[in-house]
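A.B. asks: with the sequence up front, the predicted model follows.
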Amino acid sequence: MDKKLLDILACPLCKSSLIYDKDKQELICKADNLAFPVRDGIPVMLEDEARQLGFEESQVLHK
């Protein structure tokens, strides 16, 4: 994920900054506990495509 692109991307729901998870190929919104997929290097920033983070995943992020 290009650092410049990550700097300008924001959660489409709450406008918070995102964290890139390289292993899972996802952009994470800590505020909404959502993970947006990155497919073929392209972020899919649609609410319908996002997955809700599990309890354990969200706890790790908020430490």
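C.D. replies: Right, received. Where do you want to start?

A.B. asks: where along the protein do the helices fall?
C.D. replies: According to DSSP state H, the chain carries its helices in the segments 3-8, 55-61.

A.B. asks: list the contacts of the worst-scoring helix or strand of the chain on mean pLDDT.
C.D. replies: One helix or strand of the chain scores below all others by mean pLDDT, DSSP states H and E: helix 55-61, with a mean of 77. Identification of contacts with helix 55-61 by CB atoms under 8 Å, 6 or more residues apart in numbering yields 19, 28, 30, 33, 35, 53. All C-beta atoms are positioned from the backbone trio N, CA, C, and that covers glycine.

A.B. asks: tell me the one of the residues you listed nearest residue 13?
C.D. replies: Nearest to residue 13 among the contacts of helix 55-61, counting by CB to CB, is residue 33 at 10.9 Å.

A.B. asks: touching, the closest one and residue 19? I think so.
C.D. replies: No. Look at residue 33 against residue 19 with CB atoms under 8 Å: they stay out of range, at 11.9 Å.

A.B. asks: so which of these two has more stuff around it?
C.D. replies: Set residue 33 next to residue 19 and count neighbours by other CB atoms under 10 Å: residue 33 wins out with 17 against 13.

A.B. asks: roughly how far does the more buried one sit from residue 12?
C.D. replies: According to CB to CB, to the nearest Å, residue 33 and residue 12 sit 15 Å apart.

A.B. asks: also residue 49?
C.D. replies: 10 Å.

A.B. asks: which intervals of this protein have sub-threshold pLDDT?
C.D. replies: For the chain, residues meeting the criterion pLDDT under 70 lie at 62-63.

A.B. asks: ok, back up a step: just the ones of the contacts of helix 55-61 in strands?
C.D. replies: Mapping those onto strands (DSSP state E) picks out 19, 28, 35.

A.B. asks: residues near the second one, how many?
C.D. replies: The tally of other residues near residue 28 (other CB under 10 Å) stands at 23.
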